[in-house]
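K.L.:
Fold the following for me, if possible:
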Amino acid sequence: MHSPCSPEEYTSASWGELPDAASTERTALGSFDSTRSSVSPTTLFIVASNTGTLYIGMTNNLYVRVAQHKTGEIEGFSSNYQCSRLVYWESFDEVLKAIDREKRLKGWRRSKKIA
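P.N.:
This is a model prediction of the structure:
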């Protein structure tokens, strides 16, 4: 079993590190495969705060959604806890698959999410 990561272990997302929306399938930040050509309409993502709080969500435009989190434009949990650093994403060709995966991840213990 992996030990929980400290907030310092998360990498900060810069616009240059974000993948082309059409180039990812399943990846951790900074290690996407740019040779992929399948268009993925739905992306599951995890953003983190400086203190390590995690927010899991879905979007059809990762760039816009990350920008909204960075500016605090979206009210609610992620804004209240300042979750703005993209730490993970996973793309899906079907919305129902993404919803299922989001529900499974949200049901995991924190230690498993950050392992």
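
K.L.:
could you point out which element follows the biggest helix by length in the chain?
P.N.:
Determined from DSSP state H, the single longest helix within the chain is helix 95-107. Counting by DSSP states H and E, the next helix or strand C-terminal to helix 95-107 is helix 110-113.

K.L.:
could you measure the residue nearest to residue 113 when sequence neighbours are not counted against residue 94, distance?
P.N.:
Once flanking residues are discounted, residue 113 sits nearest to residue 54: 6.0 Å by C-beta to C-beta, 6 or more residues apart in numbering. Every C-beta, even on glycine, is put in place using the N, C-alpha and C of the backbone. Remark: distance between residue 54 and residue 94 (C-beta to C-beta, to the nearest Å) = 24 Å.

K.L.:
circling back to that earlier point, for the longest helix of the chain, packing partners?
P.N.:
Judged by 3 or more C-beta pairs under 8 Å, 6 or more residues apart in numbering; DSSP states H and E, the packing partners of helix 95-107 are strand 42-48, strand 54-59, strand 85-92.
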